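A.B. asks: Any chance you can model this:
(2 chains)
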There are 2 protein chains.
Amino acid sequence: MLHGKVNAVVGQAGGPTVVINQSLYGVIQEAQKHAHIGKLLGALHGVRGIINEQFYDLYRQPENMLDLVAQTPASALGATRDRPDREYCERIFNAFRKHDVRYFFYIGGNDSAETANIVNTIAEDAKYELRVFHIPKTIDNDLLVTDHCPGYGSAAKFVASAFIGDNLDNRALQGVKINILMGRSAGFLTAASILARQRPDDGPHLVYLPERPFEIEKFVSDVEEVFDRFGRALVAVSEGIVDDQGRPWTEKVSVLKQENITQDAFGNVQLSAGAGSLADYLAGTLRNRCKKVKRVRADSFGYLQRCFPGCYSEIDAWEARLVGQMAVIYSMDEGADGSVALVRLPSTTYTVGTKLIGLKEVAPDKPPTTKQMSEEYINQAGNNVLNSFREYVSPLVGDLPKVGWFEQIAQM
Amino acid sequence: MLHGKVNAVVGQAGGPTVVINQSLYGVIQEAQKHAHIGKLLGALHGVRGIINEQFYDLYRQPENMLDLVAQTPASALGATRDRPDREYCERIFNAFRKHDVRYFFYIGGNDSAETANIVNTIAEDAKYELRVFHIPKTIDNDLLVTDHCPGYGSAAKFVASAFIGDNLDNRALQGVKINILMGRSAGFLTAASILARQRPDDGPHLVYLPERPFEIEKFVSDVEEVFDRFGRALVAVSEGIVDDQGRPWTEKVSVLKQENITQDAFGNVQLSAGAGSLADYLAGTLRNRCKKVKRVRADSFGYLQRCFPGCYSEIDAWEARLVGQMAVIYSMDEGADGSVALVRLPSTTYTVGTKLIGLKEVAPDKPPTTKQMSEEYINQAGNNVLNSFREYVSPLVGDLPKVGWFEQIAQM
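C.D. replies: Sure thing, here's the model as predicted:
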């Protein structure tokens, strides 16, 4: 194996996904095939590991363990929520100069692209040749330009699978069930719940997204209507739903104050915004308002959506590895920098390619800095996702669990 | 296929599991092999389907669909939360007499065993020969006598898998993560989270069960201690935790009142007891009390624990089918009635058998009517589960996802 003189750093940032280590594996695998990268250093906890000079030597990890890491959810290098300012980025740059790092691969969302961009600018100003590559990941699927984000397909598969099971649960026990799903400002993950629909009366029967204002009165009447029709209702709600003023419902619910907890010595405790409280609030409202509905339950799927081992989309895992590999391939071109975007090719079957786009395109200075669900996927009433969305999302998720049922009721 | 003259009814009750349809399949498969059962009728939504005379003809379902039903989570016949009184049971008995039903197989928890027992008594009083069999299921694992309950192993596998992923997530992003788990009065499912521990510093680092009183002061100091040691903490909490007066914490948290929700037209809404609110309450308390902890998150796993398709324990699926088959086998013995219990045989490897026990043994008139975690599995401080519990639970869960990691940090 040829090792050149200059080194590379790879890091992982933000919320993990079940396939983010596939991207890491892609970088390691491809880098080892080429001569332009000397040492490949894995930064512990992203940018924090760089400024603290804490690294894994990624060429000295056994292949069997690398294989296993690739299949392991969450960031094997550790992640960070640090969002570096200019001064922080200068410390990153200084660490790079000290260790002769000339390539920086950063796996993350648009914050990570922004960090990469600032570090790049500092290097340019110092006339230090640094080549910076952003490798996309996010279960929210809200990055600009790219057709979709590695990590989304697997999270969507988890959500669709969970709804398949929960639809059967709701069918068996009846009543109303609400599930709160991740995605602060984009409804892509919540919308993936519609993949659970197989029979005409399967849920989710209602889907509420951050893209449309959520009104509690409308919600109550929507649920009643579904309940009258099917004798049950399964509802998907994004944790990012907002009111008509754009105020998040988690915030509205989080101003609840604690009373009458006699065992509690701390006085009134303000609850922090939480999807769990939103779930209980919506369930409580239905219980109070819809007397004919006997059972109302609500769950929030939480972190399970991004880190449940074993539930991943094969195409998502493949693409996550691909974008890691492509970042290294692009780094062989003189002067190239940027973010690796996935491009859906015009084809009768699902086919995907990559292209290198500017870091500024993923992390622009001005809004919109993230992507939302296209209007064409949302129904007029703003309480459901149209079947056209299936064409977009199905190939990213792949096969879902099949379910069996009994067809007819015997005449007695 | 020989069909006799008398008929059988099979029903499913209570909260579903991912393997409850295996038990149903076991009944159908075995009944078709023997001549003593004429028609096998599947009651729609348990006892409710019996009094409403709504049945599936289970001998007229294609084998391919039966195979698929067996692998499908939740109750394919539909379930019910109805807990019949004497009058309701008389209506059940009348439906049986009308349709010449002489065998009743009821898949459920101890409420179902009790129902089965009452119907049996009514039949005896009427000198009508009815043979009643209870087939156990519950993810809570709290039925008396049986070594463990079908459905528990798979739910335990879901919980352990989820903690494996969440432990990696917590390792990557640090901070404190709390997960609320099902099990109203028994900690078995929460305790299964310890199977996620592979490396010495893996979570869950703390485990709180309904078997020991939960004190908020102690909880705060426990978490701080773990955080000081590992720089992070992963905590498993049963939704059934109680205070030193035996009052459930979900109730204590549910008296929270709603304020300042200006868009809300209904005045103060009382939140109902919910695991989601408990999650947010515990997280909020830590945020207020432990200033050194920057990130605190809490999730409640909810119904995913009992109906997530594809995540099941193979041995659990096998045993769930076995107890269904054995109920039919036992029904061939003159005069036999009862509940099918699993017996762990004295052996160096895990080996299981069944025995028929009295319905009253599973559903006694006097407390304790359910089982709790044995003292020997809980640590002195009441905030953790001992490794001895692994010996009990591991064989029920089977293989868990393997995870990869990087061993050492490079010297720079």
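A.B. asks: what's the closest non-adjacent residue to the residue of the stretch 1-150 of chain A found nearest chain B?
C.D. replies: Closest to chain B within the stretch 1-150 of chain A is A:Leu68: 3.0 Å, counting by Cβ to the nearest Cβ. From N, CA and C alone the C-beta is placed, and that goes for glycine too. Excluding its sequence neighbours, the residue lying closest to A:Leu68 (Cβ to Cβ, 6 or more residues apart in numbering or on different chains) is B:Gly404, at 3.0 Å.
A.B. asks: for the one you found, helix, strand, or coil?
C.D. replies: Here B:Gly404 is recorded as coil under DSSP: H, G, I helix; E, B strand; the rest coil.
A.B. asks: ok, it - contacts?
C.D. replies: A:Asn21, A:Met65, A:Leu66, A:Asp67, A:Leu68, A:Val69, A:Ala70, A:Gln71, A:Thr72, A:Ala76 (Cβ atoms under 8 Å, 6 or more residues apart in numbering or on different chains).
A.B. asks: so what pLDDT did the last one get?
C.D. replies: So that's A:Ala76. A:Ala76 is assigned 97 on the pLDDT scale.
A.B. asks: Backbone dihedrals for it, both of them.
C.D. replies: Phi and psi for A:Ala76, reported as degrees, to the nearest 10, are phi -70, psi -30.
A.B. asks: ok, it - how many residues close by?
C.D. replies: A count of nearby residues for A:Ala76, using other Cβ atoms under 10 Å in any protein chain shown, gives 28.
A.B. asks: And A:Ala126, by the same measure?
C.D. replies: Residues near A:Ala126, counting by other Cβ under 10 Å: 13.
A.B. asks: Contacts only, for it.
C.D. replies: A:Ala126 is in contact with A:Phe93, A:Arg97, counting by Cβ under 8 Å, 6+ apart.
A.B. asks: just to revisit the earlier point, which helix or strand contains the residue of the stretch 1-150 of chain A closest to chain B?
C.D. replies: According to DSSP states H and E, A:Leu68 maps onto helix A:63-70.
A.B. asks: What's the PyMOL line that selects buried ones from the contacts of B:Gly404?
C.D. replies: Those of the contacts of B:Gly404 that count as buried under 16 or more other Cβ atoms under 10 Å in any protein chain shown are selected in PyMOL with:
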select buried, chain A and resi 21+66+68+69+70+71+72+76
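A.B. asks: out of the contacts of B:Gly404, who's nearest B:Gly38?
C.D. replies: A:Gln71 (51.2 Å; Cβ to Cβ).
A.B. asks: Contact partners for A:Phe219?
C.D. replies: A:Tyr208, A:Leu282, A:Thr285, A:Asn383.
A.B. asks: In CSV, list these along with neighbour count, pLDDT and distance to A:Leu322.
C.D. replies: Formatted as CSV, the contacts of A:Phe219 follow (neighbours: other Cβ atoms under 10 Å in any protein chain shown; pLDDT from 0 to 100; distance: Cβ to Cβ, whole Å):
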residue, neighbour count, pLDDT, distance to A:Leu322
A:Tyr208, 30, 98, 33
A:Leu282, 27, 92, 39
A:Thr285, 21, 91, 45
A:Asn383, 22, 98, 36
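A.B. asks: Flag the shaky bits of chain A, pLDDT-wise.
C.D. replies: Counting by pLDDT under 70, chain A contains low-confidence residues at A:1-4, A:254-273, A:408-412.
A.B. asks: just the strands in it please.
C.D. replies: Secondary structure of chain A (DSSP state E): strands located at A:7-12, A:40-43, A:55-57, A:101-108, A:131-136, A:175-181, A:206-208, A:232-238, A:296-300, A:338-344, A:352-357.
A.B. asks: and among those strands, the most buried is which?
C.D. replies: Each of the strands of chain A was assessed for mean neighbour count using mean count of other Cβ atoms under 10 Å in any protein chain shown. The highest is strand A:131-136, with a mean of 28.
A.B. asks: Output that one as PDB, restricted to C-alpha atoms.
C.D. replies: Output in PDB follows, covering the C-alpha atoms of strand A:131-136 (Å, rounded to 0.1, in the frame of the first residue of the first chain):
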ATOM      1  CA  ARG A 131      -9.400  20.100   0.000                       C
ATOM      2  CA  VAL A 132     -12.700  19.900   1.800                       C
ATOM      3  CA  PHE A 133     -15.500  17.400   1.200                       C
ATOM      4  CA  HIS A 134     -18.900  17.300   2.800                       C
ATOM      5  CA  ILE A 135     -20.600  13.900   2.800                       C
ATOM      6  CA  PRO A 136     -24.400  14.200   3.400                       C
END
